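K.L.:
fold the following.
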Amino acid sequence: MYNFIMKNGKEERLLDCILKPVSSSLNEEAAEKILVLKADRRTQARVSKLADKCSLGVLTPVERHEYEL
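P.N.:
Next up, the predicted model:
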């Protein structure tokens with residue numbers, strides 16, 4: 001879940017607050033390389049399988065822990 005926090009009376013997404021210092025220090029080339037990062041096929045297949053099981057409500061506790069990491 002993407003959480004919100006209040007900062008100076010304005011809502012900001014927690015992830016945005018965490019990533020803002022990192023993203024502001026990247027040059028254009030580094031940012032472009034990050035944008036094209038992808039998981040390998042095996043990892044993506046596992047994430048897809050876990051996502052399907054999560055949608056069906058049939059994840060085991062071990063799978064839920066793996067999926068939430």
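K.L.:
okay, domains of this structure per the record?
P.N.:
1-37, 38-69 (automatic domain parsing).
K.L.:
give me the element residue 20 is part of.
P.N.:
Per DSSP states H and E, residue 20 falls inside helix 14-24.
K.L.:
picking that back up, mind putting the domains of the chain into JSON lines with mean neighbour count and mean pLDDT?
P.N.:
No exception for glycine: its C-beta is placed from N, CA and C like everyone else's. Output for the domains of the chain, formatted as JSON lines (neighbours: other C-beta atoms under 10 Å; pLDDT from 0 to 100):
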{"stretch": "domain 1-37", "mean neighbour count": "9", "mean pLDDT": "75"}
{"stretch": "domain 38-69", "mean neighbour count": "11", "mean pLDDT": "94"}
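K.L.:
returning to that earlier point: which helices and strands does the helix holding residue 20 pack with?
P.N.:
strand 4-7 (3 or more C-beta pairs under 8 Å, 6 or more residues apart in numbering; DSSP states H and E).
K.L.:
repeat that with 10 Å
P.N.:
Counting contacts by 3 or more C-beta pairs under 10 Å, 6 or more residues apart in numbering; DSSP states H and E, helix 14-24 packs against strand 4-7, helix 28-35.
K.L.:
just checking the distance from that helix to the centre of its chain.
P.N.:
13 Å (C-alpha atoms, centre = their mean, to the nearest Å).
K.L.:
could you do stretch 57-69 as well?
P.N.:
16 Å.
K.L.:
repeat that for stretch 31-40.
P.N.:
13 Å.
K.L.:
now do stretch 22-42
P.N.:
13 Å.
K.L.:
equivalent analysis for stretch 28-48, please.
P.N.:
Averaging C-alpha coordinates over stretch 28-48 and over its chain gives two centres that are 11 Å apart (C-alpha atoms, centre = their mean).
K.L.:
residues touching it, excluding its own?
P.N.:
22, 23, 26, 63, 66, 67 (C-beta atoms under 10 Å, 6 or more residues apart in numbering).
K.L.:
next, give me the two most distant ones among these.
P.N.:
Within the contacts of stretch 28-48, 26 and 63 form the most distant pair, 33.9 Å apart (C-beta to C-beta).
K.L.:
how far off helix 28-35 does the helix holding residue 20 point, in degrees?
P.N.:
Using axes from the mean of the first three to the mean of the last three C-alpha atoms, to 10 degrees, the inter-axis angle of helix 14-24 relative to helix 28-35 is 140 degrees.
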